[in-house]
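Colleague: Show me how the following folds:
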Amino acid sequence: MVQKLIVGLTGGFGVGKSSVAQRFKNFGAEVIDADQIAHDAMKKGSPVFDPIIELFEGALHPGGKKMDREKVAEIVFADPEKRKELEAIIHPYVYEKIKERIDSSGRRVILVEVPLLFEAGFETLCDKVVVVTCNSTVKMKRLKNKKFTEQEVRARERAQMAESLKAQKADFIIDNSKSIYQTQREIERLWYKFVSITKS
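Modeller: Numbers count the residues shown, from 1 in each chain. Okay, the predicted model is just below:
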């Protein structure tokens, strides 16, 4: 039986978690993306689709088969109470789906990418946690290039645990403010550390 190492990957909004996850995937990790699972949960046919629609009246696109995710995001980042209600529906579903994927995986290293890893209590699924950080100037520049306004960025940051607190809870930190080459070196170093843990 393969000795599995479950690594949680998290960090603040806009720090580059997905690009870090992709590099771990290139080395051979299985990557489980919690955001993708949550995205699929908002599609018709998902067991949590109807409860979410009840919570957000008017969040359906014309035709009633697809949820307007941008409208839902607009509401939850403006209304903390609505956000908590949505999370209470969606987090248990995402948690179980991640658990299923971990159990069925044959890979040695499984990376679970969860923006709200600590906030949702998903770190209980993981053996180790990597927190990606990025200095605010670099982060804001990247997010503005992706057409986010400063107001949208601040609203999303308020919905998450402070980056400094996440870093304190981490087993490993990757600073993604540096050059692509330096980030790649940090990821490579961690990858070989993870592989050696699975063999010990």
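Colleague: So what touches the top helix by length along the chain?
Modeller: In the chain, with assignment by DSSP state H, the single longest helix is helix 80-104. Contacting residues not belonging to helix 80-104 are listed as 4, 6, 30, 32, 34, 37-38, 41, 46-48, 51-52, 55-56, 72, 75-77, 110, 112, 114, 116, 120, 122, 125, 159 [CB atoms under 8 Å, 6 or more residues apart in numbering]. Placement of C-beta: from N, CA and C, glycine included.
Colleague: Provide a ChimeraX selection command restricted to the buried entries of those.
Modeller: To isolate the buried members of the contacts of helix 80-104 in ChimeraX, using 16 or more other CB atoms under 10 Å:
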select :4,6,30,32,34,37,38,41,46,48,52,55,56,72,75,76,77,110,112,114,116,120,122,125,159
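Colleague: Please flag which of the contacts of helix 80-104 sit within helices.
Modeller: Using DSSP H, the contacts of helix 80-104 in helices are 34, 37-38, 41, 51-52, 55, 72, 75-77.
Colleague: what would the residues you listed look like in JSON lines with distance to Ser196?
Modeller: Output for the ones in helices among the contacts of helix 80-104, formatted as JSON lines (distance: CB to CB, whole Å):
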{"residue": "Ala34", "distance to Ser196": "26"}
{"residue": "Ile37", "distance to Ser196": "29"}
{"residue": "Ala38", "distance to Ser196": "33"}
{"residue": "Ala41", "distance to Ser196": "36"}
{"residue": "Pro51", "distance to Ser196": "44"}
{"residue": "Ile52", "distance to Ser196": "42"}
{"residue": "Leu55", "distance to Ser196": "46"}
{"residue": "Val72", "distance to Ser196": "42"}
{"residue": "Ile75", "distance to Ser196": "46"}
{"residue": "Val76", "distance to Ser196": "41"}
{"residue": "Phe77", "distance to Ser196": "41"}
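Colleague: residues in contact with the one residue sitting closest to the centre of the chain?
Modeller: Compute the mean C-alpha point of the chain, and by CA atoms, centre = their mean the closest residue is Val114, 2.6 Å away. By CB under 8 Å, 6+ apart, Val114 lies in contact with 8-10, 34, 98, 120, 122.
Colleague: what residues are up against Glu188?
Modeller: Residues near Glu188 by CB under 8 Å, 6+ apart: Phe27.
Colleague: likewise Ile6?
Modeller: By CB under 8 Å, 6+ apart, the contact list for Ile6 reads 102, 110, 112, 125-128.
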